[in-house]
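Chemist: attaching a predicted model along with its sequence, questions to come.
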Amino acid sequence: MSFPLLTATAVLPALGAIATAAVPAARRTAAKWLALIVSLATLVLAAVVLVRFDPDGDRYQLTESHAWIKDFGVRYELGVDGIAVAMIALTALLIPFVILAGWHDADPLETGSKRWRPTQGFFALILLVEAMVIISFEATDVFVFYIFFEAMLIPMYFLIGGFGDRAHEHGEAAAATQRSYAAVKFLLYNLVGGLIMLAAVIGLYVVAGNFSLTQIAEARANGTLDMATSTERWLFLGFFFAFAVKAPLWPLHTWLPNAMQESTAPVAVLITAVVDKVGTFAMLRFCLQLFPEASTWATPAILVLALISIIYGALLAVGQRDIKRLVAYASISHFGFIILGIFAMTSQGQSGATLYMVNHGISTAALMLVAGFLISRRGSRLIADYGGVQKVAPVLAGTFLIGGLATLSLPGLAPFVSEFLVLVGTFARYPVIGIIATVGIVLAALYTLVLYQRTMTGPVKAEVEGMPDLRVRELVVVAPLIALLIFLGVYPKPVTDIVNPAVKQTLSDVQKKDPQPEVEASK
Amino acid sequence: MENLIALLIAAPLLGAAVLLCGGRRLDAVGHWIGTVLAAASFVVGVVLFADMLGKDPENRAMHQFLFSWIPVGGFQADVAFQLDQLSMTFVLLITGVGSLIHVYSIGYMEHDERRRRFFGYLNLFLAAMLLLVLADNYLLLYVGWEGVGLASYLLIGFWQHKPSAATAAKKAFLVNRVGDVGLSIAIMLMFTTFGTFAFGPVLEATGEATEGKLTAIGLMLLLAACGKSAQVPLQSWLGDAMEGPTPVSALIHAATMVTAGVYLIVRSADIFNAAPDAQLVTTVVGAVTLLFGAIVGCAKDDIKKALAGSTMSQIGYMVLAAGLGPIGYVFAIMHLVTHGFFKAGLFLGAGSVMHGMNDEVDMRKYGGLRTYMPITFITFGLGYLAIIGFPGLSGFFSKDKIIEAAFAKGGTEGWILGGVALLGAAITAFYMTRVMLMTFFGEERWRNQPTASPAEPDVEPAAEHHGAAASDHVAAATGEPHPHESPRVMTIPMIVLAVGSVFAGGFFSIGDRFIHWLEPVTGHAHGHPPIGAAAVTASTVAVMVLGVGLAWLQYGRRPVPVVAPRGSLLTRAARRDLYQDDFNHVVLVRGGEHLTRSLVYVDHTLVDGVVNGTAAGMGGLSGRLRRIQNGYARSYAVSMFGGAAILIAATLLMRAV
Amino acid sequence: MNPVNYLYLAALLFTIGATGVLIRRNAIVVFMCVELMLNACNLALVAFSRMHGNLDGQIIAFFTMVVAAAEVVVGLAIIVSLFRSRHSASVDDASLMKL
Amino acid sequence: MTHQLAAYTTSTGEAFQFWVLGTVAVIGALCTVFMKKAVHSALCLAGTMIVLAVFYLANGAYFLGVVQIVVYTGAIMMLFLFVVMLVGVTAADSLKETIKGQRWLALLCGLGFGILLVAGIGNAALTEFNGLGQANSGGNVEGLAALIFTDYVFAFELTGALLITAAVGAMVLTHRERTERAKTQRELAEQRVREGKHLPPLPAPGVYARHNAVDIAGLLPDGTPSELTVSKTLRDRGQVRDVSAEALSDLKALEQRAEDRLERTNSGKSGEASK
């Protein structure tokens, strides 16, 4: 058999995590470099996957399949379609930046403390999360997916609870309590979702007799396996609930602002740009493929919820006083768009949604990381504590502005493409919802520009005076992201080419066709 | 030849990239790079123009396909350019006026430490604007559309340390965003209706679509146009946009960007032709705006704001014309071009005056400046004559044609629209004369009174940003101004524009050159006003003279008070933009604030509270339950025993049933 | 009379013993009640063996006795040491089995 | 004939015996539960056991009957009594319930349980049965032995092991290993001096008394009893008898008689003496 590329892609960071954790306490820097190198190597592997993947080939490629638990027909099955490839590439791409951005986030507070281990732990945990996320993107066996979908929570819990943002107005103690609250909240929300999903997974096994996504989907497609409508709906809800919590969809969103607010900027990026994507990705891969009828049945409700998320998230973002919370609510709004696109059941909508996952990952990373640099300089998360930064640190302000413009999906930057696709896709089937969602772009402009105006423009605040501009390391983090934003905004074809076939497949699973235009215009 | 089209955009884009990423080492030469690249783009435009003239009118349109942009299923967006007569007109206007204003800015921004970035933004604007007019499909146009929005945002807020500037920039972008919603919805409608949104296919297929759909599309496009071209009800941002440096006001908020709406409507001519209701709404919007702008322009004492009002009203003319259909399109564009010349000239003049006066913008503190800055006076004067439609100057030709067309619409509508247009002409004459008189004639009201420009509350030295103004005024920034003529680098562009504003109209109209030029694209129908064309022209001139006379009576004969009198109700309303901003503030801003606050509260207490409540409930319940564990072996034994009993009962029951 | 009555008697004794276990606090008495229960069981076993006409029941009863003896030995030893340590033979004194 | 008879019902004699002794057994059991003093409970239990032994015999389990009497009533119950003595015969523990609702719950459960058992036996429908005729034909003990040493040999061995383990366990539990060397007289004396109380040795019991039992406290010079003189165990059990009062009265009587005999008429003196 050929070289297990997918396994390698997931295992490499895991091994790297162990190695990083094993680095002796005194050699912090070595641990950092090790983690960075491992993440880059993973990126290389992901690139290989990207190259080896043939968009026009079979649906699932680079597949691996080994018997695992024979009694329950659990198989260790991996395989990637276009969507998964895109998500893996995104993950592998973002992690090095996350590591580089968090270079000093886990350093000991008092310098020269010899027995300080958390630094190693921080980077090890990040790599661990990467490994789990990647394998959950690859798994085509529901059981395997579930295991890693849940296991992800453990390292995330420690990352949120253990390495919180040191910038806190009420001092370190208060910060610690807030952190643990946020971490526990994150854990509980996702655990509840996970447990409900577990029930659904078991139910699926009872109905289908095995866990293999491909087999079940196939059986569903050619009618050899027919579920009772009610059963299918319950199972669908079980799965969807977990994904909606992870995504997060209104009203299951309240864990995200706390988590992002309390954790360091890189971890916040990890949450919203990488981990949450598993939820939306799983909606595409599992909900739609396993339960087509139920998906169509639930579509109206889900669309409404997504719509609420869009508007609600944006409005709350406008109302925030804390930079990170603002970004968090903006993300909620964006996740609304993604889910909207997925369940609009049009090729534009779903391609747009997939593209949106990638672009949102990059844009949020850019914005959040720059915000993190800003916060680390001033030591406060409150918007009111800033002002006139643009005069002191123009580069920082410029990058921040570009990140913001990406967030409000300005044409020419990547998010615009995906957002417009989602809107068109939705509008084609549900005009009213499409129009209401379009209003979201005004709100997006509002909260982004208000944030920029309050922090960057105006007279220079005393505390901001002498704030250093971006350092080389930080530029190295931000510049590639911005370049990527512009490139994907101008030439998204590479991604769409990979994604489109997979989306076509998914649509055929749910027996949906794109609505045809009324007038067949002569092209 | 086609391949040159991309070059049009590439040149300024390159400039923007270089200047914005170049860093401080480019500060010395940055402005030259920007100007040269803008000029290069103009040259390319001219070359293409020459080439275009070489072909026969029917197939002058050129296409250039670069690459497929967003291909998803039936949704095919390409990056492709279309250069026809209409686009060409804009290209020449944008690059031409743009280059001139680059030159002007070299002088105007001389002492601004961030001049390099200023030019970078200007180039960015040029690129976006060219993309807007060269795109061959609506989505790519949308990109340019928002691009110019971004550029205008950056340039309005260029002096970001001024909160007023930052706010104005944000406001401009937001209001434009509202318009953009219209545009994107229009695109979606096109996609669902025609399956495409490229100009060619859509405009060909209009015949097959239902009128309702077309009306919807038209109205959405109109909304977009309102946002970009500052038409009622989305006009509120233009006045504040004057916070930006004057060259910006001249280029973006007078000559080019604000006219994009007109371009959009004319470009979508076929859609509007097929949707009369949309056309009617368009004409109404235009008419209302041209009155609105004119009235506002009469009351403003800030010279730039007054000019902004006039811009608004002039664009109102264009929109009105565009709404008239085939009889109006050409004239809309023609007025657009001439207006581009004279309004740019006027703004540049205003800028020249301002920095001769320590950035004083209050006309009541001007007066009698014609002797101090003769060139400015002359160029400004020519522009003035042009805009009020003085016979023989370009404004006369274009505006008169529009008024004719308005009458030619026929029926009561025709009379109403024509009447409004005439009235507008009169008011235009009035407020422009007012500006002219208050600025260049009368006694020198700036004598012995310090002018600390209201435009900058902060104590930054003027050298920070106000270019030539500062050169000899840093010391006297707070003292009595010393009016003086601007350096040549600034006056030359003004002269060129003045020439344009004098002759352009005539050049276009003689032998209907312009009509023949645009007809293949927009189509043209000769409109016949019920009262012959001559009568209309005569009345236009008459009302013009009337307006001038009134202004002379009020501002020429008596001295102008330095402090603005309270004024009539209408005046006060006009000073506050007819309370439109206050309305927005009270309804939208306040309402929005309350909404968001309450939502934040709801999110914290309700959505989050439910979850935390369940958690607390669980805790309480378990707290109660653990009381049962009293630790006495005997009580445990009781439960065991009871359990055993229950088991026996169960087995017995099982046996029984 | 029917030997089933022996079973009824056994049940009665068993219940009494059990109740005693639950009611009494003195460890020794509790222990006696346990013995009572065992004896009740034995009685039942013996009765069964008579009914089935084989000796298995008796044998089991016999084993029960042996086990009971062992149990008593150990149990009483525990009680004694308990009494030594805390000068009381009340089972309620050992109430540490709670959260 | 006995077989036939045994197959369906039992002799009237046995019935009589059952009803009489059964009542006794039940009463004994109840007393076991409800007697205040452990000793009484133990005795009642012994009674019940003997009754049971009789029942065993009646049911043809001769060996068990004997074992019941010898082992249970003889050995185990004695063991109980011994422990009771050790812990305190007279120490009566109150029947007052400390745990709330415990008693009612217990009675309720017991009642329910009993009823259920009875019901269970009732609908088990055990009407026809065959006696131990042929089973005991070779003698009950032999029969048992045959089974024990054939079918149940393993269980038998195991019980043997169990018994040994139990014996060892009991020893381990009860036997206290002396960890430190016992203190010598001298050390004890020094300790007392150090603590500064009871410099003289503890007083002996039974002073001033015709009684010299260990459970009688010695009297202090003023006639009040001193707890110290009685061993701690007795004190813990509350088995100290106080005789100081009669001792004092005896003393008084003695002096009175002495006065009479010496014919002291001196009232003042007599008054003093009578004090």
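Modeler: Structure received.

Chemist: surely A:G489 meets A:V417?
Modeler: Yes - between A:G489 and A:V417 there is a contact at 6.3 Å, judged by CB atoms under 8 Å. Bear in mind the C-beta positions are built from the backbone N, C-alpha and C, glycine included.

Chemist: and the pLDDT for B:T376?
Modeler: On pLDDT, B:T376 comes in at 89.

Chemist: in the stretch 451-600 of chain B, which residue sits closest to chain A?
Modeler: Here the stretch 451-600 of chain B gets closest to chain A at one residue, B:T596, 3.4 Å apart by CB to the nearest CB.

Chemist: any idea which element that residue lies in?
Modeler: Here B:T596 is covered by helix B:591-602, with elements defined by DSSP states H and E.

Chemist: coming back round to it: for the residue of the stretch 451-600 of chain B closest to chain A, give me its contacts.
Modeler: The contact partners of B:T596, taken as CB atoms under 8 Å, 6 or more residues apart in numbering or on different chains, are A:315-316, A:318-319.

Chemist: that older thread, neighbour count winner among A:G489 and A:V417?
Modeler: Looking at A:G489 and A:V417 with other CB atoms under 10 Å in any protein chain shown, you find the greater number of neighbours at A:V417, namely 29 against 23.

Chemist: neighbours around the residue nearest to the more buried one when sequence neighbours are not counted, how many?
Modeler: Counting by CB to CB, 6 or more residues apart in numbering or on different chains, A:P492 is the residue found nearest to A:V417 once chain neighbours are left out, at 4.8 Å. Here the number of neighbours of A:P492 (other CB under 10 Å) works out to 25.

Chemist: pLDDT score assigned to A:P492?
Modeler: For A:P492, the pLDDT comes out at 90.

Chemist: one more: D:L5?
Modeler: Predicted confidence (pLDDT) at D:L5: the value is 44.

Chemist: quick check: phi and psi on D:I76?
Modeler: As for D:I76, its main-chain torsions (degrees, to the nearest 10) stand at phi -60, psi -50.

Chemist: in which helix or strand would I find residue 155?
Modeler: No chain specified, so I'll use chain A. With elements taken from DSSP H and E, the one containing A:P155 is helix A:153-162.

Chemist: I was thinking of chain D, sorry if that wasn't clear
Modeler: D:A155 is located in helix D:153-174, with elements delineated by DSSP H and E.

Chemist: counting by contacts, list what the helix or strand following that helix packs against.
Modeler: Moving toward the C-terminus from helix D:153-174, the first helix or strand encountered (DSSP H and E) is helix D:185-195. Using 3 or more CB pairs under 8 Å, 6 or more residues apart in numbering or on different chains; DSSP states H and E as the contact criterion, no secondary-structure element is in contact with helix D:185-195.

Chemist: next, the buried residues of helix D:185-195.
Modeler: If you call a residue buried by 16 or more other CB atoms under 10 Å in any protein chain shown, then helix D:185-195 has no buried ones at all.

Chemist: that helix: how far from the chain's middle?
Modeler: For helix D:185-195, the gap between its own C-alpha mean and the chain's C-alpha mean amounts to 39 Å (CA atoms, centre = their mean, to the nearest Å).

Chemist: ok, now stretch A:412-431?
Modeler: Between the centre of stretch A:412-431 and the centre of its host chain there is 19 Å, according to CA atoms, centre = their mean.

Chemist: buried residues in it?
Modeler: Buried positions in stretch A:412-431, judged by neighbour count with 16+ other CB under 10 Å: A:412-430.

Chemist: let's see that stretch as PDB, backbone CA atoms only.
Modeler: Provided in PDB are the C-alpha atoms of stretch A:412-431 (Å, rounded to 0.1, in the frame of the first residue of the first chain):
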ATOM      1  CA  GLY A 412     -10.800  43.000  -3.900                       C
ATOM      2  CA  LEU A 413     -10.100  41.200  -0.700                       C
ATOM      3  CA  ALA A 414     -10.800  37.500  -0.300                       C
ATOM      4  CA  PRO A 415     -13.900  37.600   2.000                       C
ATOM      5  CA  PHE A 416     -15.800  39.600  -0.500                       C
ATOM      6  CA  VAL A 417     -15.800  36.700  -3.000                       C
ATOM      7  CA  SER A 418     -17.100  34.200  -0.600                       C
ATOM      8  CA  GLU A 419     -19.700  36.500   1.000                       C
ATOM      9  CA  PHE A 420     -21.100  37.600  -2.300                       C
ATOM     10  CA  LEU A 421     -21.300  33.900  -3.400                       C
ATOM     11  CA  VAL A 422     -23.100  33.100  -0.300                       C
ATOM     12  CA  LEU A 423     -25.500  36.000  -0.800                       C
ATOM     13  CA  VAL A 424     -26.100  35.200  -4.400                       C
ATOM     14  CA  GLY A 425     -26.600  31.500  -3.600                       C
ATOM     15  CA  THR A 426     -29.100  32.300  -0.900                       C
ATOM     16  CA  PHE A 427     -30.900  34.900  -3.000                       C
ATOM     17  CA  ALA A 428     -31.300  32.500  -5.900                       C
ATOM     18  CA  ARG A 429     -33.500  30.300  -3.700                       C
ATOM     19  CA  TYR A 430     -34.700  32.500  -0.900                       C
ATOM     20  CA  PRO A 431     -34.700  36.200  -2.100                       C
END
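
Chemist: quick one: mean pLDDT over it.
Modeler: Averaging pLDDT along stretch A:412-431 gives 92.

Chemist: distance check, the residue found closest to A:G319 once you drop the neighbours it is linked to in the chain against A:Q320.
Modeler: Ranked by CB to CB, 6+ apart and with sequence neighbours excluded, the top spatial neighbour of A:G319 is B:T596, at 3.4 Å. Distance, B:T596 to A:Q320, by CB to CB, to the nearest Å: 9 Å.

Chemist: again, but for B:Y579
Modeler: 31 Å.

Chemist: who's more crowded, these two?
Modeler: It is A:Q320, of B:Y579 and A:Q320, that has more neighbours when counted by other CB under 10 Å, with 23 against 14.

Chemist: run through the residues that contact the more buried one.
Modeler: Applying CB under 8 Å, 6+ apart, one finds that A:Q320 lies in contact with A:326, A:329, A:383, A:447, B:600.

Chemist: of the residues you listed, which belong to strands?
Modeler: Cross-referencing the contacts of A:Q320 with the strands (criterion: DSSP state E) gives no overlap at all.

Chemist: what about chain C: which of those residues touch it?
Modeler: Near chain C, taking CB under 8 Å from any CB of the partner chain as the test, no member of the contacts of A:Q320 is found.

Chemist: nearest to A:G279, of those residues?
Modeler: For the contacts of A:Q320, the residue nearest A:G279 by CB to CB is A:Y329; the value is 17.1 Å.

Chemist: what does the longest strand seen in chain A contact?
Modeler: Selection of the longest strand in chain A by residue count, based on DSSP E, yields strand A:61-69. Residues from elsewhere that reach strand A:61-69 (CB under 8 Å, 6+ apart): A:4-7, A:49, A:52-54, A:74-81, A:140, A:143-144.

Chemist: for the next helix or strand after that strand, packing partners?
Modeler: On the C-terminal side of strand A:61-69, the nearest following helix or strand under DSSP H and E is strand A:74-80. Other helices and strands packing on strand A:74-80, by 3+ CB pairs under 8 Å, 6+ apart, are helix A:5-22, strand A:61-69, helix A:118-138, helix A:142-151, helix A:213-221.

Chemist: out of the ones you listed, flag the one nearest D:L21.
Modeler: That would be strand A:61-69 among the helices and strands packed on strand A:74-80, by CB to CB, at 63.6 Å.
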